[in-house]
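Colleague: quick one, fold the following:
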Amino acid sequence: MLVKFRGRGMTVPEIAKLTGLAEATVYRRIRLGKPIEGPCQYGPEPKRYNFRGEMLTAPEIAERTGYSVSHVRRQISGNTYLEGEAARANFDDNFHPNCVLLTYRGKTDSISGWARRTGIPQYVINERLWRKGWTIHRILTEPNNAKPKTIRKSINRMVQGFRASTDRHSIIRMVKLFQASQGNITGKEGAAPCTR
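Modeller: Down below sits the predicted model:
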C-alpha cells in the first residue's frame, strides 16, 4: 500500500523509518486522518478556561501561576479561573469543593469534621444522612448505640474458644455466653439458648 507522503508515494515502513515513528503509529494516523508528521493529539480537545483574558487549559494556567493542576481545578467556577477575593468568596480553603458540608447551629463543617466534634463515627453520620434520611439535628445529637468493636471482640473470643476447645459442652456454653452478651448489647434480655 502506497501513501502519499512529502509529495511521493511511500509504504508505511518507509514512512516510519524516515520519520522515526513506529509503524503502528503511522497506520493509526492514516486510519484516523491525522497528519503523519508533527504532534498529533487524540481524543477530545482539552477544556479551556478564562484566565486573565485568555482561554487556557488547566495545565497551562498551573504553569503560569506556579500552582499545581489540582489546585487550579479547585479554583475553577464554570469556565473561569477565579483569583484573589473571587476565589476566597467562592471556595473555603479548608474544604475540598466536592466535600459534603453540614451546617448546624451556625457552624459549618464536613462530615469528618462533625465526626471529630461529636465523637460519632463518620460511617454512622453517612448512614444517618444518606440511608436513613435523618434531620441534621438528629444526626449530630443522637448518641451512637452501635458497638461494633464490642461485638467484634465477642466474636473473636468465641472463635478463639472454638479453636481451643473440641468439647461439645464447652462449645455450647460459649455460644450461650455469646448470645447473652448479644442480648445485653442490643438491649434484649434473656436470649434463647442454643439447643444443638
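Colleague: return stretch 106-118 as PDB; C-alpha atoms alone will do.
Modeller: Output in PDB follows, covering the C-alpha atoms of stretch 106-118 (Å, rounded to 0.1, in the frame of the first residue of the first chain):
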ATOM      1  CA  GLY A 106     -24.400  28.300  62.800                       C
ATOM      2  CA  LYS A 107     -21.300  26.100  62.300                       C
ATOM      3  CA  THR A 108     -20.400  24.600  59.000                       C
ATOM      4  CA  ASP A 109     -18.100  21.600  58.800                       C
ATOM      5  CA  SER A 110     -17.500  18.500  56.800                       C
ATOM      6  CA  ILE A 111     -18.800  15.000  57.700                       C
ATOM      7  CA  SER A 112     -15.300  14.100  59.000                       C
ATOM      8  CA  GLY A 113     -15.200  17.400  60.900                       C
ATOM      9  CA  TRP A 114     -18.500  16.700  62.600                       C
ATOM     10  CA  ALA A 115     -17.300  13.200  63.400                       C
ATOM     11  CA  ARG A 116     -14.300  14.600  65.200                       C
ATOM     12  CA  ARG A 117     -16.500  17.200  67.000                       C
ATOM     13  CA  THR A 118     -19.300  14.900  68.200                       C
END
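Colleague: mean confidence (pLDDT) on stretch 25-37, please.
Modeller: For stretch 25-37, mean pLDDT rounds to 85.
Colleague: for it, the distance to its chain's centre please.
Modeller: Distance of stretch 25-37 from the chain centroid (CA atoms, centre = their mean, to the nearest Å) equals 37 Å.
Colleague: lowest-pLDDT helix or strand in the protein?
Modeller: One helix or strand of the chain scores below all others by mean pLDDT, DSSP states H and E: helix 84-90, with a mean of 60.
Colleague: and the next element down the chain from that one?
Modeller: strand 101-104 (DSSP states H and E).
Colleague: show me the helices in this protein, by range?
Modeller: 12-19, 23-32, 58-65, 69-74, 84-90, 111-118, 122-126, 136-141, 148-164, 168-186 (DSSP state H).
Colleague: the last one packs against which elements?
Modeller: When you say that, I think you mean helix 168-186. Judged by 3 or more CB pairs under 8 Å, 6 or more residues apart in numbering; DSSP states H and E, the packing partners of helix 168-186 are helix 148-164. Every C-beta, even on glycine, is put in place using the N, C-alpha and C of the backbone.
Colleague: give me the mean pLDDT for the helix it packs on.
Modeller: For helix 148-164, the mean confidence score works out to 67.
Colleague: please shift the residue numbers so they start at 17 in all later answers.
Modeller: Taking 17 as the first residue, the last one we looked at is helix 164-180.
Colleague: residues near residue 85, how many?
Modeller: 14 (other CB atoms under 10 Å).
Colleague: surely it touches residue 75?
Modeller: Yes - if you go by CB atoms under 8 Å, residue 85 and residue 75 touch, sitting 5.5 Å apart.
Colleague: shaky segments in the chain?
Modeller: Residues of the chain meeting the criterion pLDDT under 70: 57-59, 100-114, 162-168, 177-184, 199-212.
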